[in-house]
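J.: Need a 3D model of the following:
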Amino acid sequence: MTNKRGQPINGWINLNKPLHVTSAGAVNKVKWLLKPQKIGHAGTLDPLATGVLPLALGEGTKCVNLLMDAKKTYEFAVTFGERRATEDAEGEVIATSDHRPDAASIIAILPRFTGDISQLPPIYSALKVDGKRAYDLARAGEAVVLEPRPVTVHALEFLGLTGEVAEFRAIVSKGTYIRSLGRDIAQALGSEGYISRLHRAAVGPFTDTDAISLDFLEESVHNAGQSGGERPWLTPLTRALDDIPALTLEREQLHQLRHGQRVTLTTPMPDAPLIAVLHTGELQGLARVEGNQVISVRLLNL
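T.: Next up, the predicted model:
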């Protein structure tokens, strides 16, 4: 039943964002379909990108930061011969090159872009310069000066070369721009290049193998009708916490935690900056462990 504040839905939607839809547009469509009390998303995808866009509903919004910091896997194509202003297919051509690298050259250069690297973000990015978005300044014709910043490319794989288009897969840290990675690879090979295809295959534990489409969500909601029915599109809150330790507390211990008290463990546990707190198998919130004591970080209102 929907109240004035919306439907009390708690969990995640592992959405496969389609091409030519903004992340905000996808969120608005889900808001219109479900009318949740709260909704958020983990990691923006450009309109020309497809793939995993985890949507947090209700108390799930309290865990969004976990996914923002998670590793992300991308599959992308670099088209050699042109550099575009936006570093993707949308922008105007600003430089050209007649050089086309071969597969052996591409494979040989991958180690330079693997590990901890320094990367200059694209000027058409959401980064702020003097309080304004870089892409707004760039679109207004103003000069945009960004500083290189450290990112980590955990893995970079060459998938193949067809004509002037090379395909790659990368697992990267938060803050990595694939458009910059494609540009830099092309220039290191003595050419120019831009991202002509970008697909996010995974965000932390969420992968595209079980991501759902907006059409599937709309059809499921329509078929469920007023009764609500089953929710095959809803993923449990705990899905986002697969990569951190979990600790089950008894009722009295959970009561202590909810009243701001520390819980002393009878069974020793190593210090941990973040753990998932469970009770009767259900997620209750996030905490940290210091000196064998559990300290609340953020608890859920379920």
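
J.: Need the pLDDT of Thr2.
T.: Listed pLDDT for Thr2 reads 48.

J.: try the one 3 residues further on
T.: Arg5 is assigned 74 on the pLDDT scale.

J.: give me every residue that touches it.
T.: Gln37 (CB atoms under 8 Å, 6 or more residues apart in numbering). Glycine gets a C-beta too; all of them are placed from N, C-alpha and C.

J.: How about the one 10 residues further on?
T.: Leu15 is in contact with Ala26, Val30, Val52, Leu53, Pro54, Leu55, Ala211, Ile212, Ser213, Leu214, Leu217, counting by CB under 8 Å, 6+ apart.

J.: now Pro268
T.: Per CB under 8 Å, 6+ apart, neighbours of Pro268: Asn292.

J.: which SS class is it?
T.: coil (DSSP: H, G, I helix; E, B strand; the rest coil).

J.: Roughly how far does it sit from Val289?
T.: 10 Å (CB to CB, to the nearest Å).

J.: next one: Leu247
T.: Leu247 is 8 Å from Val289, by CB to CB.

J.: joint contacts of those two?
T.: Met269, Ile275.

J.: First-to-last residue distance for stretch 87-95?
T.: 11 Å (CA to CA, to the nearest Å).

J.: what's next to it, contact-wise?
T.: By CB under 8 Å, 6+ apart, stretch 87-95 touches 46, 48, 79, 82-85, 122, 124, 177, 179-180, 182-183, 192, 194-196, 198.

J.: Give the helix, strand or coil label for Ile195.
T.: Strictly by three-state DSSP, Ile195 counts as strand.

J.: just the contacts of Leu15 now: which is nearest Tyr74?
T.: Val52 (9.8 Å; CB to CB).

J.: Could I get the phi/psi values of that closest one?
T.: When quoted as degrees, to the nearest 10, the phi and psi of Val52 stand at phi -70, psi 120.

J.: Verify the contact between it and Gly204 for me.
T.: No. Applying CB atoms under 8 Å, one finds Val52 not in contact with Gly204, separated by 9.3 Å.

J.: Among the two, which residue is more densely surrounded?
T.: When neighbours are counted by other CB atoms under 10 Å, Val52 and Gly204 differ, and Val52 comes out ahead with 27 against 22.

J.: who's the more buried one bridged to?
T.: Asn16 (DSSP bridges).
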